[in-house]
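> need coordinates for the below:
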Amino acid sequence: MSTTAEATAQLIYPANVLANTSLTTVKFLSSCFAGAAAGILGLENWLGFALFLASTLLTSICIYTINCRGRPVKYIQGGLTELLNPGQDNIFTFILVWTLFYGESTVILVWKNQAN
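The predicted model follows:
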């Protein structure tokens, strides 16, 4: 695969930037699943945020070992700090899904108790 001199001279290679969108998608989905788990389990206050922190760290460790092969600076512009950063959107997504599933599971439990 031959590349032009301009493409190799660029600090940010457009093909790699497009590939990094999968990193954002994985972090987003991790936040969604962690929020759903926290809501279904009925976690409140700091326990829910502890689950978010644990899921963020687990996701970052998986990306670090599997995708980056132990060298995040080579694949991600911000390096390890960018890899560990959960992102503001992901925190809001976690809270939104957490409250949604917490509310739904509470309604279902109340409905079941009234049926008995």
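> hey, let's count contacts and neighbours off CA atoms from now on
OK.
> phi, psi of the spatially most central residue of the chain?
By CA atoms, centre = their mean, the chain has its centre lying nearest to residue 27, at 2.1 Å. With angles defined as degrees, to the nearest 10, residue 27 shows backbone torsions of phi -60, psi -40.
> ok, residue 76 next?
Backbone phi and psi, for residue 76 under degrees, to the nearest 10, turn out to be phi -120, psi 130.
> surely it is in contact with residue 82?
Yes - counting by CA atoms under 8 Å, residue 82 is a contact partner of residue 76 at 7.4 Å.
> the two - which one has more neighbours?
Set residue 76 next to residue 82 and count neighbours by other CA atoms under 10 Å: residue 76 wins out with 18 against 14.
> quick check, pLDDT for the more buried one.
Residue 76 is assigned 77 on the pLDDT scale.
> in terms of secondary structure, what does the longest helix out of those in the chain contact?
Longest helix in the chain by number of residues (criterion: DSSP state H): helix 88-115. On a contact count with 3 or more CA pairs under 8 Å, 6 or more residues apart in numbering; DSSP states H and E, helix 88-115 meets helix 21-41.
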